[in-house]
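Novice: When you get a sec, could you give me coordinates for this:
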Amino acid sequence: MRAPNFTVRLATSDADVLAAQRLRYRVFVEELGSDGPLVDHEGRFERDRFDAVSHHLVLIDEAREADGHEHVVGVYRLLDEAGASAAGQFYSEGEYDLGKLKSSGRRLLELGRSCLHPAYRGGAGMFYLWNALAEVIRERQIEVLFGVASFHGTEATKLAAPLSLLRHRHLAPETLRVTAREENFQRMDLIAEAELDRRAAMLDVPALIKAYLRLGGVVGEGAFVDHAFNTTDVCLILDTQAMPPRSRAIYEGRI
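Specialist: Numbering: from 1, shown residues only. Prediction:
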């Protein structure tokens with residue numbers, strides 16, 4: 001495979017969106033074992049009803065496209081307040097009560113379906129996506145980013161340490177603290193803070209969640225057990241106006 005030649009942009013065609021959905025299928029269905037009513041197993045597309053009202057930020061490897069392979073190797077789905085109004089809700093509202101965010105009077109943007117092709121993990125791809133996302137945030141004057149992020153699996157006992165770490169050390173302030181819906185609510189304070197091996201617990205936190213924690217991200221109250229996706233989800237919230245200066249510089253690609 002040639003060296004990556006990255007471009008990041010909002011999807012401009014049906015082909016871009018289909019390629020993003022094909023990548024999502026590879027990651028969420030084939031790797032993580034998820035499913036859903038609109039998943040196309042024959043065509044290998046992971047999709048849902050929110051795709052039609054969302055923007056899709058796609059990472060394209062031009063070198064890969066030139067070699068005749070699928071060109072989208074990373075994706076973020078962006079759902080703004082207008083899109084959520086058209087859909088009747090944000091995606092996250094199926095798992096969390098977002099009342100505090102929606103009544104805050106602040107400009108919101110939901111991030112979802114974030115994934116990278118396996119061959120591009122641990123490299124520069126995610127930073128390209130973040131830098132492009134930072135530009136979207138500046139242009140739209142977004143104040144609060146949020147969205148669900150996942151641990152693989154639905155057995156809370158296997159996730160007790162990282163969930164407890166998030167609850168003890170990274171709980172959102174009361175004004176932004178969303179709460180997991182009761183029907184699939186999972187307590188996160190499963191291990192007392194004094195008994196927690198924080199270093200070992202952090203090793204079990206997925207890389208994407210760790211990245212948001214470094215930027216000042218916080219989590220809502222309770223996890224949501226998503227049996228259809230075979231995941232245990234937490235709601236991440238990032239107040240862009242409260243980010244530490246160094247974190248903001250890293251996020252915007254200035255250092």
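Novice: so where's the longest helix in this structure?
Specialist: Ranked by residue count, the top helix of the chain under DSSP state H comes out as helix 125-140.
Novice: can I get the CA coordinates of that helix in CSV?
Specialist: Written as CSV, here are the backbone C-alpha positions of helix 125-140 (Å, rounded to 0.1, in the frame of the first residue of the first chain):
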residue,chain,number,x,y,z
GLY,A,125,-5.6,9.8,10.5
MET,A,126,-7.4,10.7,13.7
PHE,A,127,-5.5,14.0,14.0
TYR,A,128,-6.6,15.0,10.5
LEU,A,129,-10.2,14.3,11.4
TRP,A,130,-9.8,16.3,14.6
ASN,A,131,-8.3,19.3,12.9
ALA,A,132,-11.1,19.3,10.3
LEU,A,133,-13.7,18.9,13.1
ALA,A,134,-12.1,21.9,15.0
GLU,A,135,-12.7,24.0,11.8
VAL,A,136,-16.3,23.0,11.7
ILE,A,137,-16.7,24.0,15.4
ARG,A,138,-15.1,27.4,14.7
GLU,A,139,-17.3,28.1,11.7
ARG,A,140,-20.5,27.1,13.4
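Novice: Contacts for that helix, please.
Specialist: Helix 125-140 has contacts (CB atoms under 8 Å, 6 or more residues apart in numbering) with 4, 6, 8-10, 57, 59, 73-74, 76, 78, 80, 107, 109, 111, 114, 116-117, 142, 145, 211, 240, 251-253. Any C-beta I mention is one placed from the backbone N, CA and C, and that applies to glycine too.
Novice: and if you look at stretch 43-51?
Specialist: Here stretch 43-51 has contacts from 17-18, 21-22, 24-29, 34, 36-40, 77, 79, 83, 87, 91, 112-113, using CB under 8 Å, 6+ apart.
Novice: What segments of this protein are helices?
Specialist: Using DSSP H, helices in the chain cover 14-24, 62-66, 81-87, 99-102, 125-140, 160-169, 198-203, 207-214, 245-251.
Novice: Compare the mean pLDDT across those and name the weakest.
Specialist: Least confidently modelled of the helices of the chain is helix 245-251, at a mean of 63 by mean pLDDT.
Novice: on that earlier part again, adding distance to T154 and mean neighbour count, write the helices of the chain out as JSON lines.
Specialist: Formatted as JSON lines, those follow (distance: least, CB to CB, whole Å; neighbours: other CB atoms under 10 Å):
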{"stretch": "helix 14-24", "distance to T154": "20", "mean neighbour count": "20"}
{"stretch": "helix 62-66", "distance to T154": "34", "mean neighbour count": "15"}
{"stretch": "helix 81-87", "distance to T154": "26", "mean neighbour count": "15"}
{"stretch": "helix 99-102", "distance to T154": "25", "mean neighbour count": "17"}
{"stretch": "helix 125-140", "distance to T154": "26", "mean neighbour count": "17"}
{"stretch": "helix 160-169", "distance to T154": "12", "mean neighbour count": "21"}
{"stretch": "helix 198-203", "distance to T154": "19", "mean neighbour count": "13"}
{"stretch": "helix 207-214", "distance to T154": "17", "mean neighbour count": "16"}
{"stretch": "helix 245-251", "distance to T154": "31", "mean neighbour count": "15"}
